[in-house]
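Enquirer: I need the structure of the sequence given here:
(one chain, ligands or ions: 1)
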Amino acid sequence: MLKIADYEFWFVAGSQFLYGEEQLNNVARDAQAIVDKLNASGKLPYKVVCKGVMTTADGITQFMKDVNYHDEVGGVITWMHTFSPAKNWIRGTKLLQKPLLHLATQYLNEIPYATIDFDYMNLNQSAHGDREYGYLNARLGLNNKIVYGWWGDEEVQQEMADWQDVAVAYNESFHIKVCRFGDTMRDVAVTEGDKVEAQIQLGWTVDYWPIGELVDVVDAVSEQAIDAEYAKLSQTYTMNPQDNPAAKFESSVRYQLREYLGIKKFLDDRGYTAFCTNFQDLKGLKQLPGLAAQLLMRDGYGFGAEGDWKHAALTRLLKIMAHNDRTVFMEDYTLDLRKGHEAILGAHMLEVDPSIASDKPKVEVHPLDIGGKDDPARLVFTGADGAGVDVTVADFRDGLRIISYPVDCRKAEAETPHLPVAKQLWTPKVGLKAGATAWIEAGGGHHTVLSFRLSEQQIHDLGTMLGMKLVEIC
Ligand code: MN
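Expert: Numbering: from 1, shown residues only. Below you'll find the predicted structure:
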């Protein structure tokens, strides 16, 4: 798996001097206790670091500046244990350039009727402290995340965990570099886009490289390196030569492994974490990268077919958010419009990520009937059952739009003996007719990222953080 930087999140409690030094010590103690227990829960994917109590505008401003300049900090978590006058937060919060989570919680999850007194009330003021603080964030138009509820509840911890994954994806979005081998497919509109706008809005670097430079690297891969990869492949997947003569099958598979190792080296040497190919632009390559693209996606690289750099970047971005768990480049391939069966069959000619396979993928070699190249090797498998979310990005003159719907995924209803591709069936939760109509109306294309791991809420939070126009079909 392509590595993701190890982030941490800084936690502070808001307070003031009104109730004396002793109460501030209590605030610090309780904040540390919450952080320790959150870390010990094992629920959060990234560590939380307690940075103490914030009481003054100068202190808060310095804290936010420090957050901005520490690359390992993924975002800030704030909690108002007492009343924290929100004017103190204005300057610092305006300077903050990272995701902000307002944890609207209370130290105890009950009202201690028998013992409650004014000492208790001087300390435990989240009920109104959170509103004072929230007012300011709303007024600044911050689009911060609010997680409300007792910090010890599993549901609250899960919401925090989901937000951490989104926040890390947000930070990593500015490091995504897409390598375009060739241009986009001729005449196609939806794969085009404004690469400058994508870099301004989402941080994506999108570069062109001539296919000839890749060919040099692919051709230089050693036979020994391919031998080792072939052995690994035979152990992981089922080799299925069918009618192909043994020598033809093996040489086709070996050529895809040559492409896999060559593309990987090309990307790694230049710091790219996503790439796209175009079957119209393969001069010097013997096969369209099929198995090669599938193995690279499995490893965590982003990919878009037909030169689709937007979905190459989106695949990488959502893979980071999902820890590379069942989150894949996809295409709306063909439809089942019969009543009671309404569904989209998702696939691609070759390039479907095997991380959603519910059976053991088979390595097969078949003609492609497109592009005029040698028969490419690919992994053929069946997708999985379960809830998911399907996401696309479309480019308009007023910026990039993120369009999504929650979906129910199923295995294809039957085998397709004459269509040797990997397949996944799904239906939008709002129904195929309503879902697809809204999708088409919003300008959503046929390339998507399908995830079994991410939620619609996370896509909402990501789009909000990135300042994208959201179209949520749910
Ligand atoms: Mn396509």
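
Enquirer: model confidence over stretch 55-74, on average?
Expert: Throughout stretch 55-74, pLDDT has a mean value of 97.

Enquirer: mind saving the C-alpha coords of that stretch as PDB?
Expert: Extracted as PDB, the C-alpha positions of stretch 55-74 are listed here (Å, rounded to 0.1, in the frame of the first residue of the first chain):
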ATOM      1  CA  THR A  55      -7.800  31.600  27.700                       C
ATOM      2  CA  THR A  56      -6.500  34.600  25.800                       C
ATOM      3  CA  ALA A  57      -6.700  35.900  22.200                       C
ATOM      4  CA  ASP A  58      -2.900  36.100  21.900                       C
ATOM      5  CA  GLY A  59      -2.600  32.500  23.100                       C
ATOM      6  CA  ILE A  60      -5.200  31.200  20.700                       C
ATOM      7  CA  THR A  61      -3.700  33.100  17.800                       C
ATOM      8  CA  GLN A  62      -0.200  31.700  18.500                       C
ATOM      9  CA  PHE A  63      -1.700  28.200  18.800                       C
ATOM     10  CA  MET A  64      -3.500  28.400  15.400                       C
ATOM     11  CA  LYS A  65      -0.300  29.700  13.800                       C
ATOM     12  CA  ASP A  66       1.600  26.700  15.200                       C
ATOM     13  CA  VAL A  67      -1.000  24.300  13.800                       C
ATOM     14  CA  ASN A  68      -0.600  25.800  10.400                       C
ATOM     15  CA  TYR A  69       3.100  25.400  10.300                       C
ATOM     16  CA  HIS A  70       3.300  21.900  11.700                       C
ATOM     17  CA  ASP A  71       2.900  19.600   8.700                       C
ATOM     18  CA  GLU A  72       2.200  16.600  10.900                       C
ATOM     19  CA  VAL A  73      -1.000  18.200  12.400                       C
ATOM     20  CA  GLY A  74      -4.100  17.200  10.500                       C
END
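
Enquirer: Return the distance of that stretch from the chain's centre.
Expert: 26 Å (Cα atoms, centre = their mean, to the nearest Å).

Enquirer: Now it: buried residues?
Expert: Across stretch 55-74, burial judged by 16 or more other Cβ atoms under 10 Å covers 55, 60-61, 63-64, 67, 73-74. Any C-beta I mention is one placed from the backbone N, CA and C, and that applies to glycine too.

Enquirer: In contact with Gln164, which residues?
Expert: Contacts here follow Cβ atoms under 8 Å, 6 or more residues apart in numbering; on that basis Gln164 touches 7, 9, 44-46, 74-75.

Enquirer: how about a markdown table for these, with secondary structure and distance to the ion added?
Expert: Formatted as a markdown table, the contacts of Gln164 follow (DSSP: H, G, I helix; E, B strand; the rest coil; distance: Cβ to the ion, whole Å):
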| residue | secondary structure | distance to the ion |
| --- | --- | --- |
| Tyr7 | coil | 33 |
| Phe9 | strand | 37 |
| Leu44 | coil | 37 |
| Pro45 | coil | 32 |
| Tyr46 | coil | 34 |
| Gly74 | strand | 33 |
| Gly75 | strand | 35 |
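
Enquirer: for the record, mean pLDDT for the helix ranked longest in the chain?
Expert: Longest helix in the chain, counting residues (DSSP state H): helix 246-270. Across helix 246-270, pLDDT averages out at 97.

Enquirer: Kindly report the same for stretch 366-381.
Expert: Mean pLDDT, stretch 366-381: 88.

Enquirer: what about Tyr237, neighbour count?
Expert: 20 (other Cβ atoms under 10 Å).

Enquirer: ok, it touching Glu364?
Expert: No: the pair Tyr237 and Glu364 fails to qualify as a contact (Cβ atoms under 8 Å) at a distance of 10.0 Å.

Enquirer: Name the residues that touch the helix or strand encompassing Val27?
Expert: Assigned by DSSP states H and E, Val27 belongs to helix 20-40. Outside helix 20-40, the residues that touch it by Cβ under 8 Å, 6+ apart are 11-13, 15, 17, 44, 47-50, 52-53, 55, 79, 81-82, 105, 107, 122-123, 151-152, 157, 160.

Enquirer: Repeat the analysis, applying 7 Å as the threshold.
Expert: 11, 13, 15, 44, 47-48, 50, 52-53, 79, 81-82, 107, 122-123, 151-152, 157 (Cβ atoms under 7 Å, 6 or more residues apart in numbering).

Enquirer: so what does the next helix or strand after that helix touch, helix or strand wise?
Expert: Sequence order places strand 47-54 as the next helix or strand after helix 20-40, per DSSP H and E. Here strand 47-54 touches strand 8-14, helix 20-40, helix 57-69, going by 3 or more Cβ pairs under 7 Å, 6 or more residues apart in numbering; DSSP states H and E.

Enquirer: Compile those into a markdown table and extend it with columns for distance to Leu345.
Expert: Formatted as a markdown table, the helices and strands packed on strand 47-54 follow (distance: least, Cβ to Cβ, whole Å):
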| stretch | distance to Leu345 |
| --- | --- |
| strand 8-14 | 40 |
| helix 20-40 | 42 |
| helix 57-69 | 46 |
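
Enquirer: could you measure the nearest residue to Val352 once chain neighbours are set aside against the ion, distance?
Expert: Among residues not flanking Val352 along the chain, Ala422 sits closest, at 3.7 Å (Cβ to Cβ, 6 or more residues apart in numbering). Between Ala422 and the ion the computed distance is 14 Å (Cβ to the ion, to the nearest Å).

Enquirer: swap in Gln97?
Expert: 36 Å.

Enquirer: Identify the residues contacting the nearest residue to that residue once chain neighbours are set aside.
Expert: Distance criterion Cβ to Cβ, 6+ apart; nearest residue to Gln97, sequence neighbours excluded, is Asn68 at 4.9 Å. Contact analysis of Asn68 by Cβ under 7 Å, 6+ apart lists 95-98.

Enquirer: most centrally placed residue in the chain?
Expert: Leu318 (1.5 Å; Cα atoms, centre = their mean).

Enquirer: Okay, and the beta partners of the nearest residue to His311 once chain neighbours are set aside?
Expert: Nearest residue to His311, sequence neighbours excluded (Cβ to Cβ, 6+ apart): Gly304, at 4.0 Å. Beta bridges link Gly304 to Cys276, judged by DSSP bridges.
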